[in-house]
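> Sharing a model prediction with you, sequence too.
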Amino acid sequence: MDCCHEEGALLFENGERTFLLMGNPNVGKSVIFSKLTGRQVLAANYVGTTVSFTKGELIGSKGKTSLIDVPGTYSLKATSQAEKLAIQLLDEDVDAIIFVLDATNLERNLLLSIELLQRDIPIIFALNLIDVAERMGITIDVPLLEKLLGVPVIPTIAVRNIGLNKLMSTCNRVVKNPYKYINSVPQNIESPHELAKDIVRMVEKTEERTPTFMEKFGDRAMVPFPGIPIAFFVLIFALAVVVGGGKGLRAIIFLPLLNNIYTPFVEGMVNRFVTEGIIHSLLVGEFGVLIKAFEWPIALILPYVFLFYIVLSVLEDSGYLPRLGVLMDGLLRKIGVQG
């Protein structure tokens, strides 16, 4: 169920527990949100802002517990609309925060974490992307990190549902005993950056290793050369798969299905009840409604749309699509267009 432009006050209903899902941009918050809430979400703009967010009901929660996906932000200094929204939501009657940490960039993520730990709000950390960190040679001592932060830290791989059950059960425990998940961090820390560095220095170990072929390819795909030639060949290949594959699917599957099965069946059914004439031509003639209603959306369009989404998902899951966005952004900004 989708809805837009709801008043911000409606987010905090009487008797409803509210969790905020927070973190820096691109740490996997959206994936975790969809896994924890399912498909029933409310898309809205917070009152007085143009920043949108999503709200859903936490799966498996005892009683009504809502989860609000706060736009990604790096700080609570209110220098952007997203940061202003985060502060406004924190000032509401929030029961707890689920904060998503990026295991591949822990120090940067901890800066916002330290700001949140100074607030009197229960917090749980989801250490996401640990599989990517391991491939990069990064190892994090989770128990030590949990001890230093003073609240639970749950390793997760959101795209593979790893750690999410434990995360949900921890959320239920927060509802029962919220004070257990509040860390007594000093209100005025002189240097959050130094504290974040100290924590990372203690919990993180990086193993020097030779970059893999795919890592080298990913780096080179974001610079003009050889990024532009790579983009050209990738897009040409993607177009060839969609167009050529679509034609192949039509010729092998959809047109035989249309000509040998569907059309004879429909014509036979119509011939039983309708004689030759205008009605007959309107139903199963050259441009008959019953024939074209199947031919155009199914036999003509579906093969190409089907392959388009397959190609798009492969490009996205492989990590090439964001790299293409970075490459094109640098080029197109010169003419005033975003990549």
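The structure has been received and is ready for your questions.
> which residues of the chain fall in strands?
Using DSSP state E, the strands of the chain run over 17-23, 41-45, 52-57, 65-69, 96-102, 123-128, 138-140, 153-155, 204-206.
> residues in contact with stretch 164-184?
17, 19, 32, 35-36, 58-63, 65, 95-96, 98, 117, 120-124, 126, 149-152, 154, 156, 158 (C-beta atoms under 8 Å, 6 or more residues apart in numbering). All C-beta atoms are positioned from the backbone trio N, CA, C, and that covers glycine.
> buried ones in it?
Residues 164, 167-168, 170-171, 174-175, 181-183 are the ones in stretch 164-184 that count as buried (16 or more other C-beta atoms under 10 Å).
> Same check on stretch 76-84?
Using 16+ other C-beta under 10 Å as the test for burial, stretch 76-84 gives 76, 82-84.
> re earlier: and Arg250, which of the strands of the chain is closest to it?
With respect to Arg250, and counting by C-beta to C-beta, the nearest of those is strand 41-45 at 36.3 Å.
> Now Tyr262. Nearest residue, chain neighbours left out?
Excluding its sequence neighbours, the residue lying closest to Tyr262 (C-beta to C-beta, 6 or more residues apart in numbering) is Phe294, at 5.6 Å.
> re earlier: as CSV, the buried residues of stretch 76-84 with pLDDT and distance to Ile253 would be great.
Shown next, in CSV, are these (pLDDT from 0 to 100; distance: C-beta to C-beta, whole Å):
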residue, pLDDT, distance to Ile253
Leu76, 83, 55
Ala82, 71, 46
Glu83, 75, 51
Lys84, 80, 53
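> and the residues you listed, which two are the farthest apart?
The span of the buried residues of stretch 76-84, defined through C-beta to C-beta, is set by Leu76 and Ala82 at 10.7 Å.
> that older thread, tell me which of the strands of the chain approaches Leu302 most closely.
Of the strands of the chain, nearest to Leu302 by C-beta to C-beta is strand 41-45, at 27.8 Å.
> closest one to Pro264 among the strands of the chain?
For these, the distance to Pro264 is smallest for strand 41-45, at 45.2 Å, taking C-beta to C-beta.
> where does this protein have its least confident helix or strand?
strand 41-45 (a mean of 49; mean pLDDT, DSSP states H and E).
> What remains of the contacts of stretch 164-184 if I keep only buried residues?
Among these, the ones that count as buried by 16+ other C-beta under 10 Å are 17, 19, 32, 35-36, 58, 61, 65, 95-96, 98, 117, 121-124, 126, 149, 151-152, 154, 156, 158.
> For this protein, which residues score under the pLDDT cut-off?
The model of the chain has pLDDT under 70 over residues 1-15, 39-52, 62-63, 78, 183-188, 338-339.
> the longest helix in it is where?
Across the chain, the longest stretch assigned as helix under DSSP state H is helix 224-249.
> give me phi/psi at the nearest residue to Leu129 once chain neighbours are set aside?
Distances taken as C-beta to C-beta, 6+ apart place Ala103 nearest to Leu129, at 4.9 Å, with adjacent residues excluded. The phi and psi torsions at Ala103 (degrees, to the nearest 10) take the values phi -70, psi -20.
> Ok, Asn24 next?
When read as degrees, to the nearest 10, the backbone of Asn24 gives phi -70, psi 160.
> for the one 3 residues further on, same thing?
Here is the backbone geometry of Val27 (degrees, to the nearest 10): phi -110, psi 0.
> so what's it up against?
Taking C-beta under 8 Å, 6+ apart, we find Val27 in contact with 72, 100-102, 109, 128-129.
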